[in-house]
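>>> Here is my input, please return the structure:
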Amino acid sequence: MAKLPKINERFTGAIQATDQAQRIAELQAEVERLRATQSPELEQQIEELRKELLAEEGEL
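Residues are numbered from 1 along each chain as shown. I've put the predicted structure just below:
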């Protein structure tokens, strides 16, 4: 007789994906919280870096 898989083994991947999605959401919230509490200079630096990246993408 074939050995039946344990029910918890069938859902391990889904559980891990759910846990990872939750962790990603937590980290995104933390990044937003940190950005909100930082100085405006940081936002200006981020914007400058974005512009540089966009300029480099155009040069490819």
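
>>> contacts and neighbour counts: CA atoms only from here.
OK.

>>> what secondary structure does residue 3 sit in?
When classified by DSSP: H, G, I helix; E, B strand; the rest coil, residue 3 comes out as coil.

>>> Check what pLDDT residue 27 gets.
The model reports residue 27 with a pLDDT of 90.

>>> I'd like to know how far it sits from residue 19.
12 Å (CA to CA, to the nearest Å).

>>> cool, residue 46 as well?
Counting by CA to CA, the gap from residue 46 to residue 19 is 29 Å.

>>> and what of residue 34?
When distance is defined by CA to CA, residue 34 is 22 Å away from residue 19.

>>> what helix or strand is the residue nearest the centre of the chain on?
With distances taken as CA atoms, centre = their mean, the chain has residue 24 as the residue nearest its mean C-alpha position (4.4 Å). Using DSSP states H and E, residue 24 falls within helix 12-37.

>>> Quick check: next helix or strand after that helix?
From helix 12-37, the next helix or strand downstream (DSSP H and E) is helix 40-59.

>>> That following helix vs helix 12-37, what angle?
With axes from the mean of the first three to the mean of the last three CA atoms, to 10 degrees applied, the angle from helix 40-59 to helix 12-37 works out at 120 degrees.

>>> what is the mean pLDDT for helix 40-59?
Per-residue scores along helix 40-59 average to 81.

>>> how about stretch 11-21: buried residues?
The neighbour-count check on stretch 11-21 (16 or more other CA atoms under 10 Å) flags nothing as buried.

>>> Hmm, I typed the wrong one, I wanted stretch 38-45.
By 16+ other CA under 10 Å, stretch 38-45 has no buried positions at all.

>>> Check the offset of that stretch from the chain's centre.
The chain centre lies 21 Å from the centre of stretch 38-45; the measure is CA atoms, centre = their mean, to the nearest Å.
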